[in-house]
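S.K.: Sequence first, predicted coordinates after that:
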Amino acid sequence: MRTGMAKPSPILIDEAEEAPIFDYRGTLHRLGGSRELFFDLAHFFVEDSDKLLERLHSALERRDHHGIESAIHSLKGLIANFGAPRATFIAIEAEQCAHSGKLDDVVQIYPRLVDAVHTLRNALSLATDAPSSAHLDRPSPQ
């Protein structure tokens, strides 16, 4: 750990990877600086990520190749919006395996994907709902 620097907020650090869970500034930049859009997108992810994981799980159980690819692609797109390195990497890995027809590999990757999505979801939930999230410059109500 570097000395003389403030330690990043624990809600933004993936302890397993010692890396940021998501890139707030980069995401905000990609959204044209709209904090309101960031908060809306984060809430959408928090609300819908489990639905997409369930869709993927169901497709894996049915060995529905198209359903697997579709669910992973949707998850990857949502994850990538936040510049979430670990979750994006795992989603890309799963998508490549699915695209290559390696469904057994996707089954093996699935628990890591679930963990990464939950880590991102929890960080976004905390960052957008917790009183201590003032450092994210919550937009003021109109």
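M.R.: Everything's here; your move.
S.K.: Residue 39: neighbour count?
M.R.: By the criterion of other C-beta atoms under 10 Å, residue 39 has 18 neighbours. (Each C-beta comes from the backbone N, C-alpha and C, glycine too.)
S.K.: Thought residue 125 was touching it, still the case?
M.R.: No - counting by C-beta atoms under 8 Å, residue 39 sits too far from residue 125 to count as a contact (11.3 Å).
S.K.: and stretch 27-36, which residues are buried?
M.R.: Buried residues in stretch 27-36, counted by 16 or more other C-beta atoms under 10 Å: 27, 28, 30.
S.K.: mind listing the helices for the chain?
M.R.: Using DSSP state H, the helices of the chain run over 24-30, 35-62, 65-80, 85-99, 103-129.
S.K.: can the ones you listed go into a markdown table with extra columns for mean pLDDT?
M.R.: Converted to a markdown table, the helices of the chain look like this (pLDDT from 0 to 100):
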| stretch | mean pLDDT |
| --- | --- |
| helix 24-30 | 90 |
| helix 35-62 | 93 |
| helix 65-80 | 96 |
| helix 85-99 | 95 |
| helix 103-129 | 93 |
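S.K.: This completes my enquiry, with thanks.
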